[in-house]
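>>> Structure for this input, please:
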Amino acid sequence: MNLPIHLPLKMDDEKMFEVFEVPTTLVDTVFHLSKESIGKLKAKENTEMGVKSISSLQAFLAHLWRAINRCRKHDAEEEVVINIIVGTRSRLNPPLPEGYFGNAIHYKKVKTNARELLENGLGWAAMRINKMVVAQNSEEVVKMYKDWVENPILITKG
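Residues are numbered from 1 along each chain as shown. Model prediction:
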C-alpha cells in the first residue's frame, strides 16, 4: 500500500500544529495493579456485558476513565472523552512489508457524556472502548491515514 504524500504541504502553521500544553500542576504518580486485580476487573466487566472480548487493557482503561471523570465532577451532560492509541500494524491488508521500520498507530476518541459514563457500569465503558478498537479494520485505518495526509495535525508540546 502506497499513500501519496504531496510535499510541500500547503497549510497555515496554525492549522497544522495542535499544541499540547503540559499542566503546571501535573503530579507524577506511580501505582501498581496486580495481575490478579486486573484479572478480576476484566472478569467483572466481561460478565457484566455477557462477553469474553474485553481485554485486560480495555478493562483497566474503562476503570481509569470512570475514576478520573468521577473525581472531576463534570456536569451530567458534559462530553467526556478518552483517547485510545490503536496499533494498526496487524490490521492492514495487505500487511506492511516485513522490513517496515516505524510506528503503525493512530488514536481514536471514545466519547459519551458524564452521566452515561458514571451511571452505566464498568462493563459498559469497557465495551465502548472495545467496540471502537474492534472497528479499526484495514479500511478504517487506510481512511484515517488518507485523511491525515489531506489534513495533517502534528501534536507539539506547548
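>>> Now the lengthiest helix in the chain: buried residues?
For the chain, the helix with the greatest residue count under DSSP state H is helix 56-72. Neighbour counts using 16 or more other C-beta atoms under 10 Å place 58-63, 65-66, 69 of helix 56-72 among the buried residues. From N, CA and C alone the C-beta is placed, and that goes for glycine too.
>>> could you check the angle helix 56-72 makes with the next helix or strand after it?
Downstream of helix 56-72, the first helix or strand assigned by DSSP states H and E is strand 79-87. If you take axes from the mean of the first three to the mean of the last three C-alpha atoms, to 10 degrees, strand 79-87 sits at 160 degrees to helix 56-72.
>>> tell me how far strand 79-87 is from the chain's mean position?
Taking C-alpha atoms, centre = their mean, to the nearest Å, one finds the center of strand 79-87 at 3 Å from the center of the full chain.
>>> One more: stretch 39-59?
The answer for stretch 39-59 is 17 Å, by C-alpha atoms, centre = their mean.
>>> in this protein, which ranges drop under the pLDDT threshold?
When residues are selected by pLDDT under 70, those of the chain lie in 1-23, 26, 156-158.
>>> For residue 73, give me its contacts.
Neighbour list for residue 73: empty [criterion: C-beta atoms under 8 Å, 6 or more residues apart in numbering].
>>> picking up where we left off before, okay, the longest helix of the chain in CSV with CA atoms only?
The C-alpha coordinates for helix 56-72 follow below in CSV (Å, rounded to 0.1, in the frame of the first residue of the first chain):
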residue,chain,number,x,y,z
SER,A,56,-7.2,-6.5,30.3
LEU,A,57,-6.1,-3.2,29.0
GLN,A,58,-9.6,-2.2,27.9
ALA,A,59,-10.9,-3.2,31.4
PHE,A,60,-8.2,-1.1,33.1
LEU,A,61,-8.7,2.0,30.8
ALA,A,62,-12.5,1.9,31.4
HIS,A,63,-11.9,1.8,35.2
LEU,A,64,-9.4,4.7,34.9
TRP,A,65,-11.7,6.7,32.6
ARG,A,66,-14.6,6.5,35.0
ALA,A,67,-12.5,7.2,38.1
ILE,A,68,-10.9,10.3,36.7
ASN,A,69,-14.2,11.7,35.5
ARG,A,70,-15.9,10.9,38.8
CYS,A,71,-13.2,13.0,40.5
ARG,A,72,-13.6,15.8,38.1
